[in-house]
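1. Have a look at this fold, sequence not included:
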């Protein structure tokens, strides 16, 4: 039995063999290097972890696994915890980063589309006529209409894996964007912590200024009484009055700093400047640091810090793009076809005899491109090398930031112990000088000097407490903590905590001219 004449192409074994061979080749070959994790030597431990510290250090660093999840909770301040969580939920920069993730995820979908065939519907109507001459007389022929409707399809076969490398690059770029959002979270959360510590420190400084003004006004009253009684000179009175006036001038600037601190926090929360005035204008105690701070091992940074993870994902994308460029050396195979109906009337188009079809494979192989392809390959290799250096620099910077934060945190605690002693000494000197002056046994200059020294040392005490807290925040930031608490809102399509699942490579072999395909199994 013979096949239908219009379907005879289905029985041609030669055509089927050709197409079947192309399909078999598609998806079994991938050119270009695979990606493997870059190797970076890190210290086995932090420099000062195992060394003895001064007894005055009350918050010690320990080498146990770092606790960086919700690190702000270690300050035991509910308001700080509330501000951090609201920032992660409402900050415009975070919302922008999440939108970029969605855009990058859509790019992955675009890249995937290159693996699939395209199908489109077509339809047209044309009206035509021709003119003939009889002698010198032109005669216009009858108008003829033509209808056509059908389907057109095309499928570019990914024989050498260029499209799959494009998908791989898009996936790696998506991972890089995800890590960039996490890095933004690390930065913003630390900024909230620093601004909050600064606010409480400025409120403490304002309290110290008010208390100093009260003490100085009491001293002014004593000098005024002694001057009026003839027991002291007017110079003592004027010096006491000058000291009180000087302290009074400091208060407005501190109040302005407090207001600006609140405005900065409001901005981080994505709210108008005055939104937090009622919540934060009332002073509270400065947050205290915990007794022990687990910091883990240097090697842990490579998997925890988002900026390192983003740099690694960028290396992945660069390596995949080398494969995309190399694939341009090879021929591109595609299969296209169309099927439809054509006739001079819509009625004719309903008949099977009016059907038309065409199909067949095509090949496009660049023979001469003026060095464009090889230049593109070299461009991608150079980009990979540059980003590899950037990756190494990111790792070294991360190690340096942790070490710097650790030494500052430890040494500032030693400095705080000395400042506490200074405050105690100045308090005793002030009390004694005031008592002796009241009894007429000391000059007022001693009272004035002790008063100024006491106020200065109290300011230093409030500032060093804030410095130590910000040192700890800098350490948590350097350790890359805090981002895992806040997954992206579009959690149905992205799981957080994931790492790039494909292997990594950091150097692509030099391949002069068209390289041989690297076969992989799929």
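-> Looks like it arrived, so ask away. It should be emphasised that the depicted structure is a prediction, and the values quoted were computed from it without experimental measurement.
2. Look at residue 120 and say how many residues are nearby.
-> By the criterion of other CB atoms under 10 Å, residue 120 has 10 neighbours. For glycine as for every other residue, the C-beta is placed from the backbone atoms N, C-alpha and C.
3. Name the helix or strand for the closest residue in space to it that isn't next to it in sequence, please.
-> Sequence neighbours aside, residue 152 is the residue nearest to residue 120 in space, at 5.3 Å (criterion: CB to CB, 6 or more residues apart in numbering). Secondary structure from DSSP states H and E places residue 152 in strand 144-157.
4. List the contacts of that strand.
-> 22-23, 25-26, 114, 116-129, 163, 332-346, 348-349, 356 (CB atoms under 8 Å, 6 or more residues apart in numbering).
5. Among the residues you listed, name the buried ones.
-> 22, 26, 163, 332-337, 340-341, 343, 349 (16 or more other CB atoms under 10 Å).
6. Find the pair from those residues with maximum spatial separation.
-> 163 and 343 (38.6 Å; CB to CB).
7. tell me the SS of residue 390?
-> Three-state assignment for residue 390 (DSSP: H, G, I helix; E, B strand; the rest coil): helix.
8. close enough to count as contact, it and residue 310?
-> No - using CB atoms under 8 Å, residue 390 makes no contact with residue 310, being 10.4 Å away.
9. ok, these two, which is more surrounded?
-> The neighbour count for residue 390 versus residue 310, taken as other CB under 10 Å, is higher for residue 310 (20 against 13).
10. So the more buried one belongs to a helix, correct?
-> Yes - membership of residue 310 in a helix is supported by three-state DSSP.
11. elements contacting whichever helix or strand residue 186 is part of?
-> According to DSSP H and E, residue 186 maps onto helix 162-228. Under the contact criterion of 3 or more CB pairs under 8 Å, 6 or more residues apart in numbering; DSSP states H and E, helix 162-228 touches helix 78-90, helix 92-113, helix 234-268, helix 306-327, helix 372-438, helix 444-478.
12. Show me how far that helix is from its chain's centre.
-> Centroid displacement of helix 162-228 relative to its chain, using CA atoms, centre = their mean, to the nearest Å, is 20 Å.
13. give me the number of residues near the closest residue in space to residue 210 that isn't next to it in sequence?
-> Of all residues not flanking residue 210 in the chain, residue 251 sits nearest, at 7.1 Å (CB to CB, 6+ apart). Neighbour count of residue 251, defined by other CB under 10 Å: 15.
14. quick one: contacts for residue 220?
-> 237, 240, 241, 243, 244.
15. Closest to residue 303 out of those residues?
-> Using CB to CB, these come closest to residue 303 at residue 243, 57.1 Å.
16. and residue 440, which of the three is it?
-> coil.
17. among the contacts of residue 220, who's most crowded?
-> residue 240 leads those on contacts (other CB under 10 Å) with 25 neighbours.
18. Regarding stretch 364-381, how distant is the last residue from the first?
-> 25 Å (CA to CA, to the nearest Å).
19. Show me which residues of that stretch are buried.
-> For stretch 364-381, by 16+ other CB under 10 Å, it's 373, 374, 376, 377, 380, 381.
20. Among the residues you listed, which pair sits farthest apart?
-> Longest span within these, CB to CB: 373 and 381, 12.9 Å.
21. Find the one among the helices and strands packed on helix 162-228 with the highest mean neighbour count.
-> helix 306-327 (a mean of 24; mean count of other CB atoms under 10 Å).
22. now the next helix or strand after that helix and strand 144-157, what's the angle there?
-> Later in the chain than helix 306-327, the nearest helix or strand by DSSP H and E is strand 332-343. Per axes from the mean of the first three to the mean of the last three CA atoms, to 10 degrees, the angle that strand 332-343 makes with strand 144-157 is 160 degrees.
23. which secondary structure elements does strand 332-343 contact?
-> Against strand 332-343 (3+ CB pairs under 8 Å, 6+ apart) you get helix 13-25, strand 144-157, helix 346-349, strand 355-364.
24. any idea of the mean pLDDT in that strand?
-> The average of the pLDDT scores along strand 332-343 is 83.
25. Residue 56 belongs to a strand, doesn't it?
-> No - applying three-state DSSP, one finds residue 56 to be coil, outside a strand.
26. Wait, it touches residue 419, no?
-> No - checked against CB under 8 Å, the pair residue 56 and residue 419 is beyond contact range at 10.6 Å.
27. Identify the contacts common to these two.
-> Contacts common to residue 56 and residue 419, judged by CB under 8 Å, 6+ apart, are absent.
28. dump the residue contacts of residue 43.
-> 298, 399.
29. export the helices and strands packed on helix 162-228 to JSON lines and tack on mean pLDDT and distance to residue 188?
-> Listed next are the helices and strands packed on helix 162-228 as JSON lines, based on pLDDT from 0 to 100; distance: least, CB to CB, whole Å:
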{"stretch": "helix 78-90", "mean pLDDT": "93", "distance to residue 188": "6"}
{"stretch": "helix 92-113", "mean pLDDT": "91", "distance to residue 188": "7"}
{"stretch": "helix 234-268", "mean pLDDT": "94", "distance to residue 188": "6"}
{"stretch": "helix 306-327", "mean pLDDT": "94", "distance to residue 188": "12"}
{"stretch": "helix 372-438", "mean pLDDT": "94", "distance to residue 188": "17"}
{"stretch": "helix 444-478", "mean pLDDT": "93", "distance to residue 188": "10"}
